[in-house]
Every structure is written in C-alpha cells, then in structure tokens.
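[1] Predicted coordinates and the sequence they were generated for:
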Amino acid sequence: MPHLLPLDRPAPLFDLAATRRIEATAQAALPPHTLMQRAGLATARLALALAPHARTVWIACGPGNNGGDGLEAALHLRQWGMNPVVTWLGDEDRLPADARASLQRARAAQVTFTDEPPVLGAQDLGIDALLGIGTTRAPEGRMAELLAQLHASPAMLLTVDVPSGLQADSGIWPTPNTADFIADCACPPSAEGRFGLKPPGHRRHTLSLLTLKPGLFTAQGRDACGTLWFDDLGVAPGDEPPTAWLNAPPPAAPRPHASHKGSFGDVAVIGGETDATRGTAMAGAALLAASAALHGGAGRVYVGLLGDGALALDVSQPELMFRRPDALPLTAMTVVCGCGGGEAVRGVLPAVLAQAPRLVLDADALNAIAQDPALQAALTGRAARGQATVLTPHPLEAARLLATDARQVQADRLAAAAALAARFQCVAVLKGSGSVIAAPGEVPRINPTGNARLATPGSGDVLAGLVGALLAGGQAAFSAACAAVQRHGAVADAWPEGRSLTASALAARLAP
C-alpha cells in the first residue's frame, strides 16, 4: 500500500541502474505482468484516497511502461465506479509487452480514451504517467503540451513514480520552462509536511514505485514531487547496495548526570574579519557560529575574531570567551574556521590545518583553500595524521574547490559531494535543497529536513557551529555532520507558521 515515509528512520535510495537491476530480478521471479499490475493498483488506490469525490480523473499516459502503469490504474478506477479518461501517446506496434497487456486490459474494461484532455475542476484529479524514470531529455511536442496542461490545471496532480522530466538520479528538471514548473510547485513551508515538502492535502503528489530515487530528495526534486508517497510493490532490494541513504536523526543519547563542561569539549570559532580600511565588519558570522556551538551542546566556546575588531565581550551572550586567534590552544580544541573570515583567514589557515585535531571549514576558509595549492595539500594531508575534517560548502564554494562551476555541481550533487570527499579525504556537506553528506568509504546521505526558511543570512554559519559542537562532544566526523544537518533542518521544519526564522533564532533552538 502507498504510504508516507517516516522521518525518524533511514531509508535506502537507489539510482536508475540499481532500480533496473532490482526490477529485473523481481520480474524473473514473478509471473509476467505482475509488477505493472501492482504499480497500477497502488496508483489507483492512492488516487482514490486523494480525490474520492473527483468527477473526472484524467490520466496522461506515455508510450512506455510508465504509461502502462497509468493504464492499469485507469482500469481499476473504472471498476470502482470512477470516471477515468485516458490520453495515450503510445504506438501499439512499438509497445513493451507489459504495457501492451495493460492497454488491452484497459480497453476490455471499457476505459474512455480521448485525444483531447478533459477540462478538470478543482475537485478533480490529473495523473502524470508520461515518462517516470524513462526520462532521457526534456519532454517535447505533444508530450510537453500534455505535461503543461497537467501542471496548469486547478485539479490535484498525482505523478506516477517520478515527475515527468525530472532526472531521477540527480533531481534536475531540464525542461525549457523549469522556472514556471518550480514556481507552480512552491508552497510555504509547513510543520505538517514530509521531507519539507507539501503537506498532505496539497495539490501535488508523487508516488515512487519499487524504490526511492535520489533525485526525489535533492536539487529540484523536492519542489517537483510535492507530497511524496512510496510503495515497494512487495519487492525487497535483496543484495543490491543503496546508492545513498536518506538521512535520519541519530538515536537519543541522554547526557549523564555526572557531567561537567569539560565533558563536552571546547570549540574555537575563528573568523569574523573587521577591516576598517575597507569599511567591512563580519564579526556577526563568527558570533552566529559560536552561538550555535554553545546552544548545540559544546562545553566551552571561544571566539577568535580576525582583523581590526577583536571584541572583549558579546553582551548578548556572555558565555562566549574571546581570544586572539594566536592565543588559542588549537591542538586541544575543535576549530570552526572561515565564517566571515574575509581575506584575513588566509593567514591563520596554515596553523589551523596543521594543528586542529577536529576542524570544520566554511565560507571564506574554503574560498582561500580553493585559490592556494599549498593549502589544498595541507588539507588533504590531515587525514593521514588522523585529524578529522568537515567541509560545509554551498554549491559555488564546492565548484571553486573542484575547479568547475556551480551549474556542474548542481547537475549531479551526489557526485560533486563524493568528489569533494575523495579529493580532500574528509567529510563534505554540500548544502542546498536536499543537502548531501559524503565521506570516503561511506554511502552518501541525502538530508530530508529543512525548507526555504533556511535561505536567510547566517544559517550556514549556524550549521558550521553545530557540526563543531557535535565533533567536540566526541562524535565521529561523518556522524556529526549527518546529525547536525538533520537537526538544523528539523528546527526549520518545526518553526511556527507566521514567524520569521533568523539565524540567531535558529541557533538558539539547537538544544541537544
């Protein structure tokens, strides 16, 4: 049965190659046509649950097996007394065997076929069974016209498996009018949503079949899918290894009563350059990271500001302790470096890279490393010395580190995060919709929490500080990064409607 995915447990994600292997294995073990019949039944059940009072259900069916799933759904809806209307784009002489059988079954059930789509009202339902995972390029011609009509309709929309045009592995939607589709998908974030997507009852839904695909959770996938449902069609993945895992919160770990501030480690935040000659001051970025480390559970938090503006006290957070960067005992601390660091961060990076046993690099530290081969070599060498490192770039920073551009990074976020992790032998957190966490020897994680409220100045600094706190508390680098990204997004998902989310408010809600 289709179901919404729970957020409190990990879920395996499989790319197209793995999905096709799972499908082939299942088809060899099951009677012919079984998987398509199960897929059609699952689609019909969800359609009935979403729009039980629909006067018309329009199913746009493509020329392949995704269209066959739609035809199977149509015959069930017809048998259940609903009014499905099918617009089918297939060529009967070129149909796959399964889809041909479904076409014959739909005709035998006297399903209505029409070349002209019906006019749908707000209570009706449209079903996109055009392409699914069969997408190799942007829809064109008649298919693009039908897809546009589905998206423009006031009716609820249910997509079978993958929104037509969306790349299932990457979450890229390469249609010419992508911006229009994404704008149509957009809705305010809600605590009721799943994966930060649309809450149940919104007009856009996707039913992923057999496996969950990585592209449903990152890049444009989350906006494209709306509310995401899943049915494994009664098939287990067997020995097929996941391409990635959906990130989930770690098990709760209560703090022992017999604890003290030294039990949870020291974090030093180095950044926040002030340059009087240029009239710039970025101390706020470092203070946000420090606040996140403090609220995220670090035992003690030090701030080493760069440039002209070293402070003796943050009166709003007197718990923070200020030191000159050269006065910090780096070998005894977890260091968060780069938040608002400006040009001055370049001067402290050699010592930080050499000495910090646990290190989070963000923002200007990443930009400085991208421009300096010596710093890149120093970063890469940390793993051999047993020093833990986490990078937290946004797509443009990742592109600089990989000597490419942001478009290429976004075109395959899983591959980009893995390339960063391999290149620098560290944990890489590629931020964005569906943040990706990668590390050498680990299956990547795609994070399902978070929403557009995090698109606010300083939220990345908060994430860096939280990673630092978890590292200082004793978590391994990959686990700390996964837990921090999940918690960071979960706070945004739970944020009350009608209240703006600022980075300082976000940091204050990061209680362990």
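    On my side now, so go ahead. Computed from a prediction, not measured in an experiment: that's the story for all the values here.

[2] who does the longest strand along the chain touch, helix- and strand-wise?
    Within the chain, and with DSSP state E defining each element, the longest strand by residue count is strand 266-275. Using 3 or more Cβ pairs under 8 Å, 6 or more residues apart in numbering; DSSP states H and E as the contact criterion, the neighbours of strand 266-275 among helices and strands are strand 280-281, helix 283-295, strand 300-307, strand 334-337, helix 345-355, helix 364-370, helix 459-472. Yep, even glycine has a C-beta here, placed from its N, CA and C like the rest.

[3] Following the chain onward from the helix or strand of the chain with the lowest mean pLDDT, which element is next?
    Ranking every helix and strand in the chain by mean pLDDT, DSSP states H and E puts helix 178-185 at the bottom, with a mean of 48. Using DSSP states H and E, the helix or strand that directly follows helix 178-185 along the chain is strand 204-209.

[4] List the neighbouring strands of that following strand plus their orientation.
    strand 156-160 (parallel), strand 227-231 (parallel) (DSSP bridges).

[5] how about those strands in JSON lines, adding mean pLDDT and distance to residue 362?
    As requested, those are exported to JSON lines (pLDDT from 0 to 100; distance: least, Cβ to Cβ, whole Å):
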{"stretch": "strand 156-160", "mean pLDDT": "98", "distance to residue 362": "36"}
{"stretch": "strand 227-231", "mean pLDDT": "95", "distance to residue 362": "30"}
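
[6] Quickly compare those strands and say which is most buried.
    strand 156-160 (a mean of 27; mean count of other Cβ atoms under 10 Å).

[7] re the thing from before, so can I have CSV of the helices and strands packed on strand 266-275 showing mean neighbour count?
    Formatted as CSV, these follow (neighbours: other Cβ atoms under 10 Å):
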stretch, mean neighbour count
strand 280-281, 16
helix 283-295, 28
strand 300-307, 25
strand 334-337, 32
helix 345-355, 19
helix 364-370, 24
helix 459-472, 30
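
[8] With mean pLDDT and distance to residue 325 as added columns, please give these in CSV.
    Supplementary listing: those in CSV, determined by pLDDT from 0 to 100; distance: least, Cβ to Cβ, whole Å:
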stretch, mean pLDDT, distance to residue 325
strand 280-281, 89, 17
helix 283-295, 97, 11
strand 300-307, 96, 4
strand 334-337, 98, 9
helix 345-355, 98, 5
helix 364-370, 98, 12
helix 459-472, 98, 15
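
[9] so can I have CSV of the ones you listed showing distance to residue 5?
    Listed next are the helices and strands packed on strand 266-275 as CSV, based on distance: least, Cβ to Cβ, whole Å:
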stretch, distance to residue 5
strand 280-281, 44
helix 283-295, 28
strand 300-307, 36
strand 334-337, 32
helix 345-355, 40
helix 364-370, 33
helix 459-472, 24
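
[10] returning to what we had before: would you turn the strands paired with strand 204-209 into CSV with distance to residue 244?
    Output for those, formatted as CSV (distance: least, Cβ to Cβ, whole Å):
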stretch, distance to residue 244
strand 156-160, 21
strand 227-231, 15
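
[11] For stretch 40-47, give the mean pLDDT please.
    What stretch 40-47 shows for mean pLDDT is 98.
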